[in-house]
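Build me a model from this:
(chains A, B, C and D)
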There are 2 protein chains.
Amino acid sequence: MDSNFDALVDALAQEARVLGPDARIMTERALAERLGNSRATVRENLGSLEVLGMVRRTQGAGTYVTKPDASFVRQLFDLMSKFGHVDHASVERAREMMEISVVQEAADRAGHHDVAALRGHIDDMVRATAAGDAQAGHEADYAFHKRLFTIADNPVIELFVDGISLALQDVLAKKRARALSVEAAALPEGSGSPRRTDTIHTPIVDAIEAHDRSAAAAAMVEHFSLWRQITESSTMTDEP
Amino acid sequence: MDSNFDALVDALAQEARVLGPDARIMTERALAERLGNSRATVRENLGSLEVLGMVRRTQGAGTYVTKPDASFVRQLFDLMSKFGHVDHASVERAREMMEISVVQEAADRAGHHDVAALRGHIDDMVRATAAGDAQAGHEADYAFHKRLFTIADNPVIELFVDGISLALQDVLAKKRARALSVEAAALPEGSGSPRRTDTIHTPIVDAIEAHDRSAAAAAMVEHFSLWRQITESSTMTDEP
DNA sequence: TCAGTCACATTGGTCAGGCCAATGGAAGGT
DNA sequence: ACCTTCCATTGGCCTGACCAATGTGACTGA
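Model (predicted):
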């Protein structure tokens, strides 16, 4: 349909193959001349490629080929949200569904080394929680989930989930904060140290170590179930 | 970062909310005046929104707000493929992973009516296969998978999987054709009618009817396993 | 010799104004 | 009532210009 756009894509894809990745490409003026278009047309198409995460432009420096990353997916979901084409619930559920599939894939592929890494992240999480360090706990939790994607080894799913996570990070942060407060309030009064074992993530790792896809999925489902139980325990106050 | 783009998005999102969906929006010239930009700038940003599937422009007619659909996701994967940012195997595996998660979600949500519809599609498939009508068989197969997404009821996952399917449709069509020939060759010589029962999709529906997430996932995994077994039985000839 | 400064060519960002081409509806004819 | 023609509207594309950020190389002073 749009031959100008396709021609630009072909030209850039060729240059990207010849030069390495992250390479600087021709100037807009040179591209316009080579393609027989005006700079305005080239610029419009380059703008399209930029929002798609295929190129990065910097005034004064030049245009570089890049790989679409999570921030692009995040922008996509932000836009769809602004235009009312998706709702938070669907997006969040999609993320959960993908993570459930990821944990099953991980159960197939994980080796001893991977399992050890996962347990290490859980230990960090428990330690941070015991120390009351919410930030460290959050980071360990993130590292745990990130490791699952490394094991599952599928860049496409990882791209989508990362983007969704970014798009939801604000609302997720609020939920996480409330979850922590609820959890703290639920502790036996003055019982001293919080729990020293993790009952949410450990079953996931156990299932992965056993290469049991079904158990891994079930454990992840339970993980999300608990999460929802905590975050939705109190009435939501969604003020803009 | 790009205030012009954001301003345009806000203006369009507002208009899209006031007017209904699929509404015609302001002229490029009017948008330029309203936003205080030149038409060139507005056009470049509109081009970005167009490739993202948020608007559709037609020369002489106008610009309309649209919802991103599968063809947008397809284009995204085509581009990533052209730039060497993804490989076919990862994309296809991502689709399988998502379908595995979809079938689990369907197992949670399916009602009697849904199960009956699924079995109806299987019947169509078997009938078409028995009649040697490859086209009808393909359509019934597509309807079956499509119905799973309807049951799972998650537009985000459906969008991604549909887009991936479009992006892979050529190579998938080739594989499907070979699968059919292999299947035909595997039939007992002159045994008359092909099998009248479906051993691939029926277990999936049975698991869904029983609301058994694990069994549904396992059945879908088996489905893909058989699929791979057939399509990869002969040596691949991948000539460009 | 080296570090800092500054001028300048390069390059993307934006603008103004124009013409072309497709669309769709209004005016007019049958 | 239907079809045709005409034309205002609107997106597609172009030219040429200026602005702003970047980076490099010459220049300067320690």
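
SS state for the residue positioned nearest the centre of chain A?
For chain A, the residue nearest the mean C-alpha position is residue A:162 (1.1 Å; Cα atoms, centre = their mean). Using DSSP: H, G, I helix; E, B strand; the rest coil, the structure places residue A:162 in helix.

so where's chain A uncertain?
Along chain A, the model assigns pLDDT under 70 to residues A:179-197, A:233-240.

Which helix in it has the most residues?
For chain A, the helix that runs over the most residues, judged by DSSP state H, is helix A:88-109.

Can you point out the buried residues in that helix?
The neighbour-count check on helix A:88-109 (16 or more other Cβ atoms under 10 Å in any protein chain shown) flags A:90-107 as buried. Just so you know, the C-beta spots here come from the backbone N, C-alpha and C atoms, and that holds for glycine as well.

what's around residue A:113, how many residues?
9 (other Cβ atoms under 10 Å in any protein chain shown).

again with the one 5 residues further on
Counted by other Cβ under 10 Å, the residues lying close to residue A:118 total 23.

now residue A:125
By the criterion of other Cβ under 10 Å, residue A:125 has 22 neighbours.

Ok, residue A:68 next?
19.

And the host helix or strand of residue A:6, what does it pack against?
Using DSSP states H and E, residue A:6 sits within helix A:3-18. On a contact count with 3 or more Cβ pairs under 8 Å, 6 or more residues apart in numbering or on different chains; DSSP states H and E, helix A:3-18 meets helix A:28-35, helix A:39-51, strand A:62-65, helix B:70-82.

Mean neighbour count and distance to residue A:20 added to these, as a markdown table?
A markdown table is the format used below for the helices and strands packed on helix A:3-18 (neighbours: other Cβ atoms under 10 Å in any protein chain shown; distance: least, Cβ to Cβ, whole Å):
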| stretch | mean neighbour count | distance to residue A:20 |
| --- | --- | --- |
| helix A:28-35 | 16 | 19 |
| helix A:39-51 | 21 | 18 |
| strand A:62-65 | 18 | 9 |
| helix B:70-82 | 19 | 16 |
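
Can I get these in TSV including distance to residue A:135?
As requested, the helices and strands packed on helix A:3-18 are exported to TSV (distance: least, Cβ to Cβ, whole Å):
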stretch	distance to residue A:135
helix A:28-35	44
helix A:39-51	33
strand A:62-65	34
helix B:70-82	34
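
Please dump the ones you listed into a markdown table; it should also carry distance to DNA strand D for every row.
Formatted as a markdown table, these follow (distance: least, Cβ to the nearest atom of the strand, whole Å):
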| stretch | distance to DNA strand D |
| --- | --- |
| helix A:28-35 | 7 |
| helix A:39-51 | 3 |
| strand A:62-65 | 8 |
| helix B:70-82 | 16 |
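
In chain A, what residue comes closest to DNA strand C?
Residue nearest to DNA strand C within chain A: residue A:27 (3.4 Å; Cβ to the nearest atom of the strand).

ok, back up a step: anything in the helix holding residue A:6 near DNA strand C?
No - Helix A:3-18 is not in contact with DNA strand C by Cβ under 7 Å from any atom of the strand; minimum separation 11.5 Å.

so how far is that helix off the chain centroid?
In terms of Cα atoms, centre = their mean, to the nearest Å, the centre of helix A:3-18 is found 29 Å from the chain centre.

One more: stretch A:25-35?
Between the centre of stretch A:25-35 and the centre of its chain there are 35 Å (Cα atoms, centre = their mean).

can you dump the C-alpha coordinates of that stretch into CSV?
The C-alpha trace of stretch A:25-35 is given here as CSV (Å, rounded to 0.1, in the frame of the first residue of the first chain):
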residue,chain,number,x,y,z
ILE,A,25,22.4,5.3,9.2
MET,A,26,22.3,7.8,6.4
THR,A,27,21.1,11.3,7.0
GLU,A,28,17.5,12.2,6.2
ARG,A,29,18.7,14.3,3.2
ALA,A,30,20.7,11.4,1.8
LEU,A,31,17.8,9.0,2.3
ALA,A,32,15.5,11.4,0.5
GLU,A,33,17.8,11.6,-2.4
ARG,A,34,18.4,7.9,-2.6
LEU,A,35,14.7,7.0,-2.4
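
What parts of chain A come near DNA strand D?
Checking chain A against DNA strand D by Cβ under 7 Å from any atom of the strand, the hits are A:2, A:4, A:36-41, A:44, A:58-61.

Name the nearest of the residues you listed relative to residue B:127.
residue A:2 (42.0 Å; Cβ to Cβ).

got the contact list for the closest one?
With contacts defined as Cβ atoms under 8 Å, 6 or more residues apart in numbering or on different chains, residue A:2 has no neighbours.

how near is it to residue B:29?
21 Å (Cβ to Cβ, to the nearest Å).

what about the spatially closest residue to residue A:138 that is not a sequence neighbour, helix or strand, and which?
Distances taken as Cβ to Cβ, 6 or more residues apart in numbering or on different chains place residue A:176 nearest to residue A:138, at 6.8 Å, with adjacent residues excluded. Applying DSSP H and E as the criterion places residue A:176 in helix A:169-186.

measure residue A:143 to residue A:153 for me?
17 Å.

Tell me which of those two has more neighbours.
Shown here are residue A:143 and residue A:153; by other Cβ under 10 Å, residue A:143 has more neighbours (17 against 14).

For burial, what's the neighbour tally of the residue nearest to residue A:138?
Each residue near residue A:176 was counted by other Cβ under 10 Å, and the total is 18.

Phi first, then psi, for the nearest residue to residue A:76 once chain neighbours are set aside.
Nearest non-adjacent residue to residue A:76, counting by Cβ to Cβ, 6+ apart: residue B:52, 6.4 Å away. Main-chain dihedrals, residue B:52, degrees, to the nearest 10: phi -80, psi 0.

And residue A:57, by the same measure?
Residue A:57 adopts backbone torsions of phi -110, psi 140, taken as degrees, to the nearest 10.

Quick check: it touching residue A:49?
No - at 9.3 Å, residue A:57 does not count as touching residue A:49 under the criterion of Cβ atoms under 8 Å.

what number of residues lie near the residue nearest to residue A:177 when sequence neighbours are not counted?
Distance criterion Cβ to Cβ, 6+ apart; nearest residue to residue A:177, sequence neighbours excluded, is residue A:134 at 8.0 Å. Residues near residue A:134, counting by other Cβ under 10 Å, number 15.
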